[in-house]
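Student: Predicted structure and sequence below. I'll ask about it afterward.
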Protein chains: 2
Amino acid sequence: MPRPDRSHERRAELLPAIAKAFAELGYRRTTTAELAARCETQEVVLYRLWPDKKTMFLAVLDHIYDTSAAAWEKLLTATDAQSAAERLLEYESTHHGEWGFYRLIFAGISDTDDPQIRDALARLYTRYHEFVVRRLLEHRGERAKAGVEQAAWALIGLGTIASVGKELGLLDNRDRSALWRTVGPLLLGKRQR
Amino acid sequence: MPRPDRSHERRAELLPAIAKAFAELGYRRTTTAELAARCETQEVVLYRLWPDKKTMFLAVLDHIYDTSAAAWEKLLTATDAQSAAERLLEYESTHHGEWGFYRLIFAGISDTDDPQIRDALARLYTRYHEFVVRRLLEHRGERAKAGVEQAAWALIGLGTIASVGKELGLLDNRDRSALWRTVGPLLLGKRQR
DNA sequence: CCGAAATGTAGGCTGCCACTTACACATTCC
DNA sequence: GGAATGTGTAAGTGGCAGCCTACATTTCGG
């Protein structure tokens, strides 16, 4: 009998470093040599775990959603006076963009025209949007459905522009906090009684 | 005497096609061969007009701002019941992203780490933000300055997310109109008396 | 019409990138 | 121990992208 296949675990070990590379460098600038160096291994090792670079990127997108979803869920188990939506807002204002969520989106959109990548990005965004919509409904109460979809997109847009502003050095931490504090409540709407 | 130098005019002739290419393909995927083909000329011709590809991209960023600024100014000369801000909103909801504004931003952020390109993008965004702030102040009245900066960023964020949604096939024209109609007024604030 | 400089065309060079081949070594179970 | 398979390392390969060289052609003023 041969030694057991640990490739599944190996993938899980390497993915965070790979995700970080793609988020920092974008798709095109992330060379497979760079990935191997960050993983402290050889290119061929990566190519035995995934068939090609594109698949590595797709794996990162899944990984990112899982990571984010876990962070969000954890956020929501805390029970105090704040609504889930308010907590989401506060979390975003301080930790926004930590996992390079938006960097990956930009990279996927502008660096590639691959339909699979676009589909994966669309699914990622859709799931994020649905998550925010649910939190908004909890906050506002189920009866106040009007404009919830739009408000959720606007919140995501706010996160996006906050990240762009950070990237370009236009908004520092205080500016981004002020952004969430000022605009956030407008989009959250009235708190459920 | 030699024939006159028409390189200035030539640059102006070619820039729209170059801008289109960068917006559609992103920075990395836009090869100099592709640029030459779209300009119906040879690579070396481009290299006689600009020293390198990066400079071509920087030229596009300037060009884009000029084009956009011209479109906005034209927009604002119309005189009717609507405030400038309302017209801006309406314009964005229908024509948003026509010149690939956001595609170029994404490309610049994720495709390159060049400080010159980041500076140029930052300037572009800053000028756009200032423009929106001015329109908001006209709309709200000079006394209602609180939160104007933030509202302007949020409006730009809304435009960004609308573009991303369009790119990924998540938001069609009607969705994007609804987005502006629902969220826009929240961010515009009360109309000046 | 002629010299000077702009403009067009063909081809090539260098370096990098995604991906591969070849082979030594390690680990498992019988 | 040994067959079978996983894992590590070194060294390519082919292709393409950015950029350049060499040279022919056009357009201008004198």
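Tutor: That came in fine, so what should we check first?
Student: low-scoring stretches of chain A, by residue?
Tutor: A:1-3, A:78-84, A:93-99, A:192-193 (pLDDT under 70).
Student: For it, which segments count as strands?
Tutor: Applying DSSP state E to chain A gives no strands.
Student: Determine which residue lies closest to the centroid of it.
Tutor: Centroid check for chain A by CA atoms, centre = their mean gives residue A:101 as the closest residue, at 3.2 Å.
Student: near DNA strand C, which residues of chain A?
Tutor: Contact residues (CB under 7 Å from any atom of the strand) of chain A with DNA strand C: A:1-4, A:28, A:30-33, A:43-44, A:47, A:52-54. Quick note: C-beta positions are derived from backbone N, CA and C, even for glycine.
Student: Pull the most distant pair out of the residues you listed.
Tutor: A:1 and A:28 (43.0 Å; CB to CB).
Student: higher neighbour count, those two?
Tutor: Comparing residue A:1 with residue A:28 by other CB atoms under 10 Å in any protein chain shown, the one with more neighbours is residue A:28, at 18 against 3.
Student: For the more buried one, which non-adjacent residue is closest in space?
Tutor: Nearest non-adjacent residue to residue A:28, counting by CB to CB, 6 or more residues apart in numbering or on different chains: residue B:28, 3.6 Å away.
Student: any idea how far the residue nearest to the centre of chain A lies from residue B:29?
Tutor: 22 Å (CB to CB, to the nearest Å).
Student: Count the residues that sit near residue A:39.
Tutor: Neighbourhood size, residue A:39 [other CB under 10 Å]: 20.
Student: Pull the number of nearby residues for residue A:21.
Tutor: 21.
Student: Ok, residue A:73 next?
Tutor: So residue A:73, with other CB under 10 Å, has 10 neighbours.
Student: next one: the one 4 residues further on
Tutor: By the other CB under 10 Å criterion, the neighbourhood of residue A:77 contains 7 residues.
Student: swap in residue A:60?
Tutor: Using other CB under 10 Å, residue A:60 has 25 other residues around it.
Student: Residue A:130 now?
Tutor: Neighbour tally, residue A:130, other CB under 10 Å: 12.
Student: ditto for residue A:115
Tutor: 8.
Student: same thing with residue A:55?
Tutor: If you count neighbours by other CB under 10 Å, residue A:55 ends up with 13.
Student: Report the separation between it and residue A:101.
Tutor: Note on residue A:55: its distance to residue A:101, by CB to CB, is 20 Å.
Student: what's near enough to touch the residue nearest to residue A:127 when sequence neighbours are not counted?
Tutor: Nearest residue to residue A:127, sequence neighbours excluded (CB to CB, 6+ apart): residue A:65, at 6.3 Å. Contact analysis of residue A:65 by CB atoms under 8 Å, 6 or more residues apart in numbering or on different chains lists A:124, A:127, A:128.
Student: Would you mind measuring from the nearest residue in space to residue A:117 that is not next to it in sequence to residue A:22?
Tutor: Distances taken as CB to CB, 6+ apart put residue A:108 closest to residue A:117, at 5.1 Å, once the chain neighbours are dropped. Taking CB to CB as the measure, residue A:108 and residue A:22 are separated by 9 Å.
Student: residues in contact with the residue lying closest to residue A:10 once chain neighbours are set aside?
Tutor: Closest residue in space to residue A:10, ignoring its immediate chain neighbours: residue A:49 at 6.1 Å, by CB to CB, 6+ apart. For residue A:49, the contacting residues are A:7, A:10, A:11, A:14, by CB under 8 Å, 6+ apart.
Student: If we use 10 Å, what do you get?
Tutor: Residue A:49 sits next to A:7-8, A:10-11, A:13-15, A:18, A:39, A:41, A:55-56, A:59 when contact means CB atoms under 10 Å, 6 or more residues apart in numbering or on different chains.
Student: Residue B:117: which of these is nearest?
Tutor: Using CB to CB, the contacts of residue A:49 come closest to residue B:117 at residue A:18, 25.0 Å.
Student: doesn't residue A:60 make contact with that closest one?
Tutor: Yes - counting by CB atoms under 10 Å, residue A:18 touches residue A:60, with 5.8 Å between them.
Student: Right, I'll call it a day here.
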